[in-house]
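K.L.:
sequence and predicted model, in that order:
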Amino acid sequence: MSSSQTNLLQGTLDLLILKALNTGELHGLGVSRRIDQMTRGTFQVKPGSLFPALHRLQEAGWLTSFWGESENNRRARFYRLTKAGERQLGHETEEWQKIATAMTHALKAT
Amino acid sequence: MQLWSRLKSLVRNLLHKPAVESELDDELQNYAAQLTDEKVAQGISPEEARRTTLAELGGLEQVKQAVRDRRTGITLELLWQDVRYALRQLNRNRAFTLTAVLTLALGIGATTAIFSAVYALLLRPLPYPAADRLMALTPARSGFDGDALISPDFIAAQSGIKSFSDIAGYNNWVENLVGTGGPLRVNCTNITANFLPIFGVVPQLGRLFSQDEDRPGGPPVVILSDRLWRNYFHADPAVIGKSVDLNGTQQTIIGVLPRRFYFPDLALEPDLYVPADLSLDTVLSVEKPVKIIHAFARLRPDISVEQAQAELQTFYTARARKSPREIAPYYASTHVIIEPLQQHIAGDSRKPLLILLACVAAVLFIACANVANLQLARAVSRRHETALRGALGASRLRLIRQFLVESFVLSSLAAGLGLVLALVITALVRSTGTLNMSPSSSRIAQLLQLPFGKLSASIYVDGGVLVFTIGLTFLTTLLFGLVPAISGSRADLRSALQSAAMRLTQGREQRALRHSLLVVEVALAIVLLACAGLLVRSFVKVMQYDSGFDPSDTLTATTLLIGPHYEHPGEHGMPDPSPDHIRTFIQDVLPRLQSLPGVSAAAIANALPLGPVDSTAITFGAPMPTPPDGTWKQISVISVTPDYFHTVGTTVIEGRAFSSGDTATSLRVAIVNRAFARRYFSGSALGKQFNQRVSRGQFAAVTIVGVAQDIRHNGLEQEVRPEFYVPEAQDPSYEVLVAVRSTADPILLASAMRKAVLAVDPQQPVFDIQTMDQRVASEVAQRRLIMLLIACFAGLAVILSAVGVYGVFAYSVSQRTQEMGIRLALGASRRRLLGLIVAQAARLIAVGGILGLGGAFLLSRLLTSMLVGVKPHDAVSFSFAWILMTAVALLASTIPASHAARINLVSVLRAE
């Protein structure tokens, strides 16, 4: 992992996962690839962080999971956003925009 | 939504663990397989692909653990793990577990039992609505007993005092009830119409009194208590409207009170209620008799007690100003206090109970200190394991938590056992606490027949007490577990894993800890011993007080001559006794009593030693009606038959006792007690005269023919007051208290006595049959109970401290066997070794002794109100306490010391 990834906060990872699943259902590897793709390679999530986050989000009720078949015909666990998860995605995105705007302004100021 | 989802997951994670784990395994295996497949597709060999995949993952097991660590319910799971581990450890060290649990159980059980009493009497909210606004109005009068107001004041206060929304009152008389079940003596409580509503009572049958029924000349209505309804009327549901004969008058039953109504007076259990029928006249005059009434009031929500007290004071000052001259002294010496009802009911019990609680807490502390010492020792012996667990990755916090969980498991086991102990104790208290419910003299307010009165029946382990016990469990866990947990988890890896030669330097601070705990234990034990000593000495003193009479071999009983045969209706609605009938009764009964088996003397009086006494007004000089205020005195007077002094065992010091020559028509005579003679006649009272009030406004001259020894009528601990005796023939009283001095067996005598009285008048049942010794014992019952309890606690404290001393030094010796061996090898004698240990112990015990004596010095002051004839800094008690504890502790330390002295040199040196 690059140094910027070790600083990845738990909350940010949650947001990325929710966003990754926004367009459809994915299995664990798929989520990881998706995040990699969405962030243009900046964040490559290791399974040691990914799976705890996925399970936690599921326990919170924002994801549900089911068993299905992956591309290479392996049994895999797929995750999907719930209604609550969609709402949560909206909230967290808003929050993030606020923080990002604030930080940008702060850093621009002399 | 989140919460619900989490809950579902929690349940699933905990209960369906295998399924959860296998799914996780599946998921991760597949993840790894997918990655491997990709690599294989790139041309890497399958084994290489798999290996690199796993390496990239960081290990399957590690990922699984990462998931587990963040799972909902992980804390609970870990906690449960700790509990199971603790149970396994405790099971392995049975000796330790047994000792610790028993020690703690004793402490927790005793504390819980005492707390249930404290809770029942002092803390539990009274079962009335808004009970904290209920107050008792108690007059404190110098030189008088009695806690009742007079009715004109009461009526005036009801409308005149704005701080109270309601003032209600009651008084109790013993009456004769005649119904379908035969004659029965009952407590007939007169209440104002607003009395029951003030306590929020709702009748289970019928209704309560209406305001209109509570007036002089009001209708004869009566409300039954649940107890009477069940026992006498057999819970007849159609009892409303029926009538019963109460003292010769027909009364109609209009209601039955619910079972759980708790009458707010410790010593009174009413059988039925009638309206008080107080006259609405608030004007005072010497001619008019007044009824007395005990008053309760409900404070308005926005008024404070101080405000109400001030208003009451103003009220009484105004009353005093408006009162006739003769009555003014009454007001001058009366000061009415407002007391919260709960406090009023608890009365004298408050302080002793709190002191008991403090003592038992000290015992609990000592028990915890002992267990803490044990835990410290155990922590040291487990440091290998602790270090290992630290090496495997357990954080310090985790280790501390695990130790605390173990302590908590110990506490819980002990608390369970302790609760059983408390249940047994409280059940015992309840079963022996059956207050003698049969009605006796109506002035029994002060006389508790049992420590804490009828509230003993309500001491049980209920919700509030259970909460206390649970809290106590947590507290004890912290007390004995926290320090060992913190110090035991400080595992220095390197030194712990090294050889035992390093053991010597270990546990330096632990030793300081253990020793200071020991010092505190010894000090506490000495404080308790000193207190116990003070109380024991007080008790002995009280029993030795010259009570003025001889209680041995004396049987007593009571009967009250009431009812139409012995009374006729007088003015103002109060019955006047018929003296001739009473005299006849006494004349008939006495010979029968005297012919009972083994009887050497028999007498009748209207008061017995240790019982409440009537009083009347006397003056000196020429007798005149309505003497000016300041000239008359209120003095206790007792009507007795001639053999009284002989029966009761009191000496007539000067002059003579009464004889059959003192009749209704002969010269009025009196016998005074020594206090009277000293106070009013400077010691030589024989032949002198004074005037006694014989009826309203009428005084008659009385000649003193004898002086008797002082009898402590008002209780063994009270000052003796001036009193005088008059012959029953000249002043018959409806209260007939019988005393019989006989060597026969009291039980046989009791039934014979009952038959003798019934033979004269079958309508007058005899009750309250006790020996004089029993009366004396009841009198001191509370004092004796407290003394016994504190002595028990002190004994327990001594034993526990001694065990603690033994434990600490036994451990210390076992740790120092090498050192002992070396000393022996270097030439020290065995006796020297023994001396070494004992000297160490002696130093600690001495420090504990000094602390203990200092503590006792400071704290014994709190006992002052409970001590009689003994100063709080009594040297004898203190020295005894110090000597006893020091001796026991030193003895306890010699046992391990002698083990040290018997060390086998060779085996010790070889062991390393």
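P.N.:
Thanks, I have the structure now. A quick note: this is a predicted structure, and the numbers were derived from the prediction, not measured. Numbers count the residues shown, from 1 in each chain, chains lettered A, B, ... in the order given.
K.L.:
hey, let's count contacts and neighbours off CA atoms from now on
P.N.:
Will do.
K.L.:
any regions of the stretch 351-500 of chain B where pLDDT drops low?
P.N.:
B:431-457, B:491-500 (pLDDT under 70).
K.L.:
how does it look with 90?
P.N.:
B:351-356, B:372-400, B:402, B:424-466, B:469, B:472-500 (pLDDT under 90).
K.L.:
tell me which residue of it lies closest to chain A.
P.N.:
Closest approach between the stretch 351-500 of chain B and chain A, counting by C-alpha to the nearest C-alpha: B:Gly393, at 18.2 Å.
K.L.:
what pLDDT is listed against B:Leu134?
P.N.:
Here, the pLDDT recorded for B:Leu134 equals 92.
K.L.:
meant to ask about B:Pro623
P.N.:
Reading off the model, B:Pro623 has pLDDT 69.
K.L.:
which SS state does the residue of the stretch 351-500 of chain B closest to chain A fall under?
P.N.:
Using DSSP: H, G, I helix; E, B strand; the rest coil, the secondary structure recorded for B:Gly393 is coil.
K.L.:
got the contact list for it?
P.N.:
Contact analysis of B:Gly393 by C-alpha atoms under 8 Å, 6 or more residues apart in numbering or on different chains lists nothing.
K.L.:
show me what the helix or strand harbouring B:Pro329 is packed up against.
P.N.:
If you go by DSSP states H and E, B:Pro329 is part of helix B:328-332. The contact analysis (3 or more C-alpha pairs under 8 Å, 6 or more residues apart in numbering or on different chains; DSSP states H and E) places helix B:328-332 against helix B:305-322.
K.L.:
tell me the first helix or strand C-terminal of the helix holding B:Pro329.
P.N.:
strand B:334-340.
K.L.:
what residues sit buried inside the helix or strand just after that following strand?
P.N.:
Of the helices and strands lying after strand B:334-340 in sequence (DSSP H and E), the nearest is helix B:341-346. Within helix B:341-346, the residues scored as buried using 16 or more other C-alpha atoms under 10 Å in any protein chain shown are B:Leu341, B:Gln342, B:Gln343, B:His344, B:Ile345, B:Ala346.
K.L.:
again, but for stretch B:259-278
P.N.:
B:261-262, B:264-278.
K.L.:
so of those, which ones are in strands?
P.N.:
Those of the buried residues of stretch B:259-278 mapping onto strands are B:Leu272, B:Tyr273, B:Val274, B:Pro275, per DSSP state E.
K.L.:
with pLDDT as extra columns, can I get those in JSON lines?
P.N.:
Formatted as JSON lines, these follow (pLDDT from 0 to 100):
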{"residue": "B:Leu272", "pLDDT": "90"}
{"residue": "B:Tyr273", "pLDDT": "93"}
{"residue": "B:Val274", "pLDDT": "92"}
{"residue": "B:Pro275", "pLDDT": "92"}
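K.L.:
B:Arg656: what's it in contact with?
P.N.:
B:Val705, B:Gly706, B:Val707.
K.L.:
for B:Pro765, same thing?
P.N.:
Contacts of B:Pro765 by C-alpha under 8 Å, 6+ apart are B:Leu184, B:Arg185, B:Thr559, B:Arg754, B:Val757, B:Leu758.
K.L.:
among these, which ones are in strands?
P.N.:
Going by DSSP E, the strands hold B:Leu184, B:Arg185, B:Thr559 from the contacts of B:Pro765.
K.L.:
ok, of these, which one's closest to B:Ser407?
P.N.:
For the ones in strands among the contacts of B:Pro765, the minimum distance to B:Ser407 (C-alpha to C-alpha) is 58.2 Å, reached by B:Arg185.
K.L.:
look up how far A:Trp62 lies from the residue nearest the centre of chain A.
P.N.:
For chain A, the residue nearest the mean C-alpha position is A:Ile17 (1.5 Å; C-alpha atoms, centre = their mean). A:Ile17 is 11 Å from A:Trp62, where distance means C-alpha to C-alpha, to the nearest Å.
K.L.:
how about B:Pro289?
P.N.:
85 Å.
K.L.:
the two: which is more packed in?
P.N.:
Counted by other C-alpha atoms under 10 Å in any protein chain shown, B:Pro289 and A:Trp62 do not tie: A:Trp62 has more neighbours, with 24 against 14.
K.L.:
list the residues that contact that one.
P.N.:
When contacts are counted by C-alpha under 8 Å, 6+ apart, A:Trp62 touches A:Leu81, A:Thr82, A:Lys83, A:Ala84, A:Gly85, A:Glu86, A:Gln88.
K.L.:
re the thing from before, may I see the ones in strands among the contacts of B:Pro765 organised as TSV, with pLDDT added?
P.N.:
As requested, the ones in strands among the contacts of B:Pro765 are exported to TSV (pLDDT from 0 to 100):
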residue	pLDDT
B:Leu184	76
B:Arg185	79
B:Thr559	82
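K.L.:
now the residues you listed as JSON lines including distance to chain A and neighbour count?
P.N.:
Formatted as JSON lines, those follow (distance: C-alpha to the nearest C-alpha, whole Å; neighbours: other C-alpha atoms under 10 Å in any protein chain shown):
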{"residue": "B:Leu184", "distance to chain A": "73", "neighbour count": "18"}
{"residue": "B:Arg185", "distance to chain A": "73", "neighbour count": "22"}
{"residue": "B:Thr559", "distance to chain A": "79", "neighbour count": "22"}
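K.L.:
now these in TSV, with distance to B:Gly169?
P.N.:
TSV is the format used below for the ones in strands among the contacts of B:Pro765 (distance: C-alpha to C-alpha, whole Å):
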residue	distance to B:Gly169
B:Leu184	25
B:Arg185	23
B:Thr559	27
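K.L.:
related to what we said a few turns ago, among the contacts of B:Pro765, which one sits closest to B:Val380?
P.N.:
B:Arg185 (71.1 Å).
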